[in-house]
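A.B. asks: model the following, please.
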Amino acid sequence: MVRRFTISLRPTLAVVACLFALPVLIGLGARWSAKTEIHDLRATNTLLQIENSSYREATGALSAQISALHEAVDEIGAKAMLDPTVDRAMRRLPAPVRERAMGGGDLSIAAPVLNSAVATPDGGFGVLRDLLGAIEQRLASVRTGVEQRNALASATPSIWPIAGWISSAFGNRRDPFTGGRDFHPGLDISANQGQPIIAPADGVVLSAAYTGNYGNLVTIDHGFGITTRYAHLSRYAVVTGQTIGRGQTIGYVGSTGRSTSSHLHYEVLVNGQLTNPLRLLAGR
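C.D. replies: Numbers count the residues shown, from 1 in each chain. Below is the predicted model:
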């Protein structure tokens, strides 16, 4: 017995067409999805490259800043080292004079806290840059203080102006001319006629001229309120207004003015007040 089925042509063709179109549609959908993902990945990669470049630049800038800070610390450490004799003489200066050279303070800095507000690398870099900037400002202040301290060290008369022996000390004494009581405002250092006299510190010559009982007198301003005088010279080696350095010859031993023999009369004034030169001289 034979059974027969009747199939409509149009529905059949439609089914067949759908069967053939379905893989094509699936393929097109997959391709479109892949293109979208690739586009998104490319966009993400571009952003990451930009961020990496930004971080590399920030890291390079921070590294350069840190390196500069290391160099600054080394420089300050080297400048802060003083000759022990000069340092000892500086400590014997009156407090107001030393305070003129103070500055800088310590290197302690209140470090910012990386709290929850700093949740991104950019935020962290920003905080580090601010911290390093604060450290740089503090180092600049410390450097200024060290330079001022070194300037005071250069201005402190800490070495002997001449080799010789003390024939008259600072303070009360018997006047060599009258025999009465007298206050001697400096040191008399006996030495041979014409022996060179050197500056015990850096400074500027205020005057080099004949001055009454002092005879040929050189007066030097060392800054910070410190002045020195050199009396009874036979002749000068400097002129008024000249800048001189520690150890430079400023004149020669003589016996001009009110003097009984060849020697140097040496005075130190701090803020206009006479000071015993022995307080500042090395080896004392």
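
A.B. asks: apart from its chain neighbours, what residue comes closest to Glu267?
C.D. replies: Gly186 (3.6 Å; C-beta to C-beta, 6 or more residues apart in numbering). For every residue, glycine as well, the C-beta is placed using N, CA and C.

A.B. asks: go on, Gly225?
C.D. replies: Closest to Gly225 by C-beta to C-beta, 6+ apart is Asn271, at 4.2 Å.

A.B. asks: follow-up on the earlier one: so how far is Asp40 from the residue nearest to Glu267?
C.D. replies: Distance, Gly186 to Asp40, by C-beta to C-beta, to the nearest Å: 90 Å.

A.B. asks: which one of the two has more residues nearby?
C.D. replies: A direct count of neighbours by other C-beta atoms under 10 Å for Gly186 and Asp40 places Gly186 higher, at 23 against 10.

A.B. asks: circling back: so the residue nearest to Gly225 makes contact with Pro96?
C.D. replies: Yes: with contact defined as C-beta atoms under 8 Å, Asn271 counts as touching Pro96 (6.7 Å).

A.B. asks: overlap of the contact sets of these two?
C.D. replies: Common neighbours of Asn271 and Pro96 (criterion: C-beta atoms under 8 Å, 6 or more residues apart in numbering): Gly225.

A.B. asks: quick one: low-confidence residue ranges for the chain.
C.D. replies: 1-25, 27-34, 50-80, 100-131, 134-135, 141, 176-179, 282-284 (pLDDT under 70).

A.B. asks: can you list the domains in it?
C.D. replies: Per automatic domain parsing, the domain ranges recorded for the chain read 10-155, 165-279.

A.B. asks: how close does the closest residue in space to Leu274 that isn't next to it in sequence sit to Ala151?
C.D. replies: Excluding the flanking residues, the one nearest Leu274 by C-beta to C-beta, 6+ apart is Pro185, at 4.9 Å. Note on Pro185: its distance to Ala151, by C-beta to C-beta, is 27 Å.

A.B. asks: now do Ile226
C.D. replies: For Ile226, the distance to Ala151 - C-beta to C-beta - is 11 Å.

A.B. asks: more neighbours: which of those two?
C.D. replies: Using other C-beta under 10 Å, the more surrounded residue of Ile226 and Ala151 is Ile226, with 22 against 16.

A.B. asks: quick one: contacts for Thr274?
C.D. replies: Wrong residue type there; residue 274 is Leu, not Thr. Going by C-beta under 8 Å, 6+ apart, the list of residues near Leu274 reads Phe170, Pro185, Gly186, Glu267, Val268.
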